[in-house]
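Novice: model this:
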Amino acid sequence: AKAHNPAGAAKWLNRMAVVRLDPDVISWSSLLSGYAGASDDNTDAGQKAKEKLVEAFSQMTAARVQPDAYSMGALERGLGQDRAAELALQILGEDEARAAAQRRTLRERHRPRRPWL
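Specialist: Residues are numbered from 1 along each chain as shown. So this is what the prediction gives:
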């Protein structure tokens, strides 16, 4: 998914289901990150990736997997901060959306600074 190959990440999630493993937040975040990276442009493919990002986030929360800072970050990268917050509020409800946003903020605040990047 890091190479913007969400199809590959989706295959892994499907394979996990075949062997009866429940994807965790790391698995879902990888998929979300792939879709977010593929949604960078305003082409039809970019719009399709945004739709898949929303769909995957909905599936993740329906599977009762709590979004973490990385999954929320992928949602923000793919949809923009306002749309991501709106979607989180719609799907998670006010309390959970606020908690997810706080986790994202804490992650950003405690991220080590890497001046070479």
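Novice: which outside residues touch stretch 25-40?
Specialist: 1-2, 4-10, 12-13, 16, 45-47, 49-50, 52-53, 56-57, 60, 63, 65-68, 70-71, 74-75, 77-79 (C-beta atoms under 8 Å, 6 or more residues apart in numbering). Yep, even glycine has a C-beta here, placed from its N, CA and C like the rest.
Novice: for stretch 85-92, same thing?
Specialist: 54, 57, 58, 61, 67, 72, 75, 79, 96, 97, 100, 101.
Novice: Check which residues of it are buried.
Specialist: Neighbour counts over stretch 85-92 (16 or more other C-beta atoms under 10 Å) mark 85, 87, 88, 91, 92 as buried.
Novice: hey, where'd the strands end up in the protein?
Specialist: Counting by DSSP state E, no segments of the chain form strands.
Novice: now it, which segments are flagged as low pLDDT?
Specialist: The model of the chain has pLDDT under 70 over residues 1-5, 102-117.
Novice: and the longest helix for it?
Specialist: helix 44-62 (DSSP state H).
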